[in-house]
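Q: What shape does this take:
(one chain, ligands or ions: 1)
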Amino acid sequence: MADDGSRLWLKYDLIKDQKQKLSYQKYTKFISISANHPTLQKTAEELQMGFAGLLGTKTNIVSNNSQAGGVVLEVSTNQALTNDLANDGFAIFAQKGNLVISSKSEAGVLYGAFELLRRIQTGQSLNENIVSSPKIKIRMLNHWDNANGTVERGYAGSSIWKWNELPFRIDPRYIAYARANASLGINATSINNVNASSRFLTAEYLEKIKAVADVLRPYGIKVFISVNFRSPRTLGGLKTSDPLDPEVRKWWNEKTKEIHQYIPDFGGYLVKANSEGEPGPQDYGRTHADGANMLAEAMKPFSGIVIWRAFVYNADPNGDRFKEAYEQFKPLDGKFDEKVIVQVKNGPIDFMPREPFHPMFGNFPNTKLGIEFQITQEYLGQSTHLTYLAPMFKECLDTDTYSKGKGSTVAKVIDGSLYNNPNSLIAGVANTGSDANWCGHPFNQANWYAFGRLAWDYTLSSEKIANEWIGMTLTNDEKAKIQINEIMQKSLPTYISYTYPLGLHHMMGEGHHYGPEPWLTKAARPDWTSIYYHKADSVGLGFDRTGKLSNAIKLYSKEINETWGNPEKCDLNYLLWFHHIAWNKKLSTGNTLWEELCYRYYNGVVEVQKLQKDWLKLQPYIDTETFASVNARLKTQEKESIWWRDACVLYFKDFSKMPIPNSLTPPNRSLEEVKKIVEIYHLR
Ligand code: BDP
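A: Predicted structure coming up:
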């Protein structure tokens, strides 16, 4: 039977290795739960299903068993055991002939069970001594799903939430979604687009959201709502939404109470304010802190929090968008209520394939900062190009900010250890949709998986994560696993090579953000054009962020200024992020900038062709439907890598006035011809 991918990485197909199977079977007589709790019940059911599928055993669920030979699920108060565990951490160990999964919390037991299942799925034999704790407390997906079923920047069909069917019909996908997230330790989800409709705060929708929250709760997942700051006006009929207006504050207080009547453990609000046309406190001359603190006050009687996004920038043709969030928020450092987390995108611009880390990380000692990654691949090939994102997430998290000396990595800012943040937060913009396989490209599932695994433990290597995912999703053949892992590891550098080499950024097609449009000169705002960023001219290429005009580099530490700030020492991957480099300048590779640029664009295409060939060799190991789907997408990717290459090389050539190096075959079409491809995208 062809595999449609709907089971994600939770396939639970019978394992073939008899020795491995036997090692686990000694604990499959029963699954015992000590207390009557929905999460423990779901945990037991998951194990039961997993054992049946993977090991072929029929295992009963019992309460408080005193025999040996089973799995015991327990929420433990034994301090000797749980002291070293974070709240949702777990320990798995053998005791009195049973395998015990123990945690301080029910959710922790669930995560332990999924760890056990993952080990069976990935061909590992039984280990009776496992301890694991999450490094970050709130591990969250942000859905950009709209009430009408569309998904902003969604490339896998329509929304998974069927608002028209809710609250009465519970789509089985909600449960599958909850299981998939719980298997990774994801414990929070905001269900609607940050460009939010007030509709989600109406009683009618709260009833629907409650139905979703009820499904997700036993899996340890809290629901958040993205709110529209203007709701007191649009929904409450007030004259203003000024956060300092007593009537407005009262409205939010009451609304927050009302939400809790539906969802007692409501996670909280996620807010995009005064950004890209969304309303916010600045509309009334107030600050982001005024807005966020008003919502925090409404949340005071409850456990929920307020997540306030820092993705803000002004349309200033002479400014540098790189600095704007930093500059707007810097005077507010220390002014946010303790219930507020400021959620900052990984980089200063906007989820570009490679961005330097956001300079807010490490520079806001008195503000609780969370990080936001984008799992959906808006700028990363959407659902046609194969790009595995774990290396990108890790590159950011592992970078040293030097804010408290060497070793002050972004990860340590985020996990709360550097600046004492008990509400540590990592969020990923979801890539889920109604497609049978959830994510469009079969490999896009790996990005959801990788995000969740890194949210739990950012020290995991991207190779290990890929290996797990491949084993659970595609094949457990050792040789094939190595080859697929190689494809995945090469995929991101390959993508960057034919799109944004050497630190180029933001040159994609207008609006749809797909394909190249480096010639984009006019848009609704100057910072939505491409020329704003690449600054190509007769002298050279790149955004000088050291110069007088921007000087954004100065937002970083002294150590970073010594490397990224110096064109001689700057990592070539970031070069054009910070420097305007002359076309004929010799780089550390021995090539001039122009040559290096050409080589990288051309090499990107060659690498895609290699990925294609490598994939073909894997046919015997991969399910037919998945194989064909990836194969076809790689053909599109190859075609479009040539599109990117030709567009950028031909466009920049007009500035460099230099020939394409002899060893490369020049594009067989003109720039005008390439431009036509983009025009098709804009046809109505
Ligand atoms: C940009 C997207 C836009 C989002 C925005 C955001 O193009 O659709 O609304 O980010 O994060 O990348 O708010």
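
Q: Just checking, which helix or strand of this protein averages the lowest pLDDT?
A: helix 79-82 (a mean of 74; mean pLDDT, DSSP states H and E).

Q: which residues sit against that one?
A: Ser76, Gly89, Ala91, Ser102, Ser103, Lys104 (Cβ atoms under 8 Å, 6 or more residues apart in numbering). Placement of C-beta: from N, CA and C, glycine included.

Q: go on, stretch 517-526?
A: Contacts of stretch 517-526 (Cβ under 8 Å, 6+ apart): 315-317, 507-510, 529-532, 534, 536, 647-648, 651-652, 675, 678.

Q: can you do 7 Å?
A: For stretch 517-526, contacts defined as Cβ atoms under 7 Å, 6 or more residues apart in numbering pick out 315, 317, 507-510, 529-532, 534, 647-648, 651, 675, 678.

Q: so which of those also contact the ligand?
A: With Cβ under 6 Å from any ligand atom as the criterion, these include none near the ligand.

Q: Inside helices: which ones of these?
A: Applying DSSP state H to the contacts of stretch 517-526, the entries found in helices are Ile531, Tyr532, His534, Ala647, Cys648, Tyr651, Lys675, Val678.

Q: What residues does the chain have near the ligand?
A: Residues of the chain lying close to the ligand by Cβ under 6 Å from any ligand atom are Glu152, Arg153, Val194, Asn195, Lys272, Glu276, Phe311, Asp350, Phe351, Glu378.

Q: Sort out which of those residues are buried, if you could.
A: Arg153, Val194, Lys272, Phe311, Asp350, Phe351, Glu378 (16 or more other Cβ atoms under 10 Å).

Q: Nearest to the ligand: which residue in this protein?
A: Closest residue of the chain to the ligand, Cβ to the nearest ligand atom: Asp350 (4.5 Å).

Q: Restricting to C-alpha, output stretch 164-184 in CSV.
A: This file holds the C-alpha atoms of stretch 164-184, laid out as CSV (Å, rounded to 0.1, in the frame of the first residue of the first chain):
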residue,chain,number,x,y,z
ASN,A,164,-17.4,25.8,10.3
GLU,A,165,-17.7,22.2,11.8
LEU,A,166,-16.7,23.1,15.3
PRO,A,167,-17.6,22.8,18.1
PHE,A,168,-19.7,19.7,17.3
ARG,A,169,-17.6,17.8,14.9
ILE,A,170,-14.1,16.9,16.2
ASP,A,171,-12.0,16.1,13.1
PRO,A,172,-9.8,13.1,13.9
ARG,A,173,-6.9,15.2,12.7
TYR,A,174,-7.1,17.2,15.9
ILE,A,175,-6.2,14.1,17.9
ALA,A,176,-3.5,13.1,15.4
TYR,A,177,-2.1,16.7,15.6
ALA,A,178,-2.1,16.5,19.4
ARG,A,179,-0.2,13.2,19.4
ALA,A,180,2.3,14.4,16.9
ASN,A,181,3.1,17.5,19.0
ALA,A,182,3.1,15.6,22.3
SER,A,183,5.6,13.1,20.7
LEU,A,184,8.0,16.0,20.5
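
Q: quick one: buried residues of it?
A: Buried residues in stretch 164-184 (16+ other Cβ under 10 Å): 166-167, 171, 173-174, 176-184.

Q: tell me which element the residue nearest to Ala211 when sequence neighbours are not counted falls in.
A: Leaving aside its chain neighbours, Ala211 sits nearest to Pro167 (3.6 Å; criterion: Cβ to Cβ, 6 or more residues apart in numbering). Assessed by DSSP states H and E, Pro167 sits outside every helix and strand.

Q: Now do stretch 335-349, average pLDDT.
A: Across stretch 335-349, the average pLDDT comes to 98.

Q: Convert that stretch to PDB, retaining C-alpha atoms only.
A: These are the backbone C-alpha positions of stretch 335-349, laid out as PDB (Å, rounded to 0.1, in the frame of the first residue of the first chain):
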ATOM      1  CA  LYS A 335       9.100  48.100  31.600                       C
ATOM      2  CA  PHE A 336       7.200  44.900  30.700                       C
ATOM      3  CA  ASP A 337       5.100  43.100  33.300                       C
ATOM      4  CA  GLU A 338       6.500  39.800  34.500                       C
ATOM      5  CA  LYS A 339       3.700  38.000  32.700                       C
ATOM      6  CA  VAL A 340       4.900  39.400  29.300                       C
ATOM      7  CA  ILE A 341       7.300  37.600  27.000                       C
ATOM      8  CA  VAL A 342       8.600  39.500  24.000                       C
ATOM      9  CA  GLN A 343       8.800  37.200  21.100                       C
ATOM     10  CA  VAL A 344      11.600  38.000  18.700                       C
ATOM     11  CA  LYS A 345      12.200  36.500  15.300                       C
ATOM     12  CA  ASN A 346      15.500  34.600  15.000                       C
ATOM     13  CA  GLY A 347      16.900  37.300  12.800                       C
ATOM     14  CA  PRO A 348      16.500  41.100  12.400                       C
ATOM     15  CA  ILE A 349      14.800  41.100   9.000                       C
END
